[in-house]
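[1] how does the following fold in three dimensions:
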Amino acid sequence: MDITSVPLQLSCDIACCRLSAAAPKGVRYVGYGGYDKNAHVYAFGDPSRRCLLGGHSTAVTSLAFANDLTRAVGGS
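    Just a heads-up that it's a prediction; the model follows:
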C-alpha cells in the first residue's frame, strides 16, 4: 500500500500518536492524541475516522490499544 496516496487532514495539532498491533485480518489502527482534548482513531491507510474519544480536560498526550483491538484509551 502506498500511504502517500491517502491524505489525512486532522482538525487539530497532534500531541502523540500510537500504531496498534496487526489484527488477524491485517488491519492496523493509528491513534492520535490532540491538543483539542480528544483522541482520534483511524484504520491505517483509511482517512475515515473510526472513533473519537473525548472528554479530556487537557491535550491527550498518551494513547494505548488493547491487544485484541476492541478498546483504546487516551490520557492527558
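
[2] just the element for residue 18, please.
    Here residue 18, judged by DSSP states H and E, is contained in strand 14-19.

[3] what stretches of this structure score poorly on pLDDT?
    Along the chain, segments meeting pLDDT under 70 span 1-8.

[4] spatially central residue for it, please.
    Nearest to the mean C-alpha position of the chain, by CA atoms, centre = their mean, lies residue 31 at 1.3 Å.

[5] coming back round to it: run the angle between the helix or strand following the strand holding residue 18 and strand 14-19 for me.
    Counting by DSSP H and E, the next helix or strand C-terminal to strand 14-19 is strand 29-34. Here the directions of strand 29-34 and strand 14-19 differ by 170 degrees (axes from the mean of the first three to the mean of the last three CA atoms, to 10 degrees).

[6] just the CA trace of strand 29-34, in CSV.
    The C-alpha coordinates for strand 29-34 follow below in CSV (Å, rounded to 0.1, in the frame of the first residue of the first chain):
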residue,chain,number,x,y,z
TYR,A,29,-5.2,1.2,13.7
VAL,A,30,-3.4,4.5,14.3
GLY,A,31,-4.5,6.8,17.1
TYR,A,32,-3.6,10.5,17.5
GLY,A,33,-3.8,12.5,20.7
GLY,A,34,-4.7,16.0,20.1
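
[7] so how far is that strand from its chain's centroid?
    In this view, strand 29-34 has its centroid 2 Å away from the chain centroid, taken as CA atoms, centre = their mean, to the nearest Å.

[8] good, wrapping up.
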